[in-house]
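**Student:** Here is my input, please return the structure:
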Amino acid sequence: MNHISIDFLMRKCEELFKEKLKVYDLSWKEIKISSIIDQIFIKVVRIQNIQERGFQEVEEEKVIDTFIDVINYIVITLIKLNIDFKKKVSHSEVMNIYIQKFDKIKELYDDNNQKESISIENLLEEILYLKQKETKILYKKLENICLKMLNMTIFLLMKNIPKKRN
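**Tutor:** Presented below is the predicted three-dimensional model:
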């Protein structure tokens with residue numbers, strides 16, 4: 001894995017986010033973070049079920065698309081942490097925060113051997129922890145857990161992208 005493929009992945013996520021931002025506006029700003037965590041949980045369980053079965057029943061949404069949704073939901077959570085106190089926020093402000101969060105992940109992301117042990121179950125553990133502690137968790141801890149989940153999800157997605165044959 002290299003930063004070129006990570007950059008490509010980030011662009012795909014950003015394109016989809018921008019597209020949905022135009023269509024749905026900031027509708028997610030009005031819902032609780034716990035509801036977004038629930039969406040992440042649902043998507044990750046879908047990925048886990050597909051991996052366990054070895055196939056997917058809904059062919060229209062590929063597992064890679066589901067990973068991208070998870071990534072964007074995590075970034076939405078991070079954005080909400082930055083803008084929840086604001087009454088008004090523009091799309092450009094949201095996109096700037098989106099890009100900042102991805103830049104931070106890119107800094108943290110590396111190809112160390114520890115990542116080989118990351119699994120979908122590890123990601124689910126983080127989500128379940130958030131669900132259990134949802135009202136008792138401090139801002140900085142939530143941000144750190146989300147960044148960790150984002151890093152894990154990107155790694156898992158990169159692992160699931162089919163390799164090109166030469």
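**Student:** quick one, helices of this structure?
**Tutor:** For the chain, the helices defined by DSSP state H cover 3-24, 33-53, 63-83, 91-108, 120-133, 139-160.
**Student:** quick one: Lys12 and Asn82, what's the gap?
**Tutor:** 23 Å (CB to CB, to the nearest Å). Using the backbone N, CA and C atoms, a C-beta is placed for each residue, glycine as well.
**Student:** Now Ile105: closest residue in space that isn't a chain neighbour?
**Tutor:** Leu150 (5.4 Å; CB to CB, 6 or more residues apart in numbering).
**Student:** now Asp7
**Tutor:** Leaving out its chain neighbours, the residue that sits closest to Asp7 by CB to CB, 6+ apart is Lys106, at 7.8 Å.
**Student:** ok, that neighbour - how many residues close by?
**Tutor:** Residues lying near Lys106 (other CB atoms under 10 Å) number 15.
**Student:** who's in contact with the residue positioned nearest the centre of the chain?
**Tutor:** When CA atoms, centre = their mean is applied to the chain, the residue found nearest the centroid is Ile71 (1.8 Å). Under the criterion of CB atoms under 8 Å, 6 or more residues apart in numbering, the contact list for Ile71 reads 13, 150, 153-154, 157.
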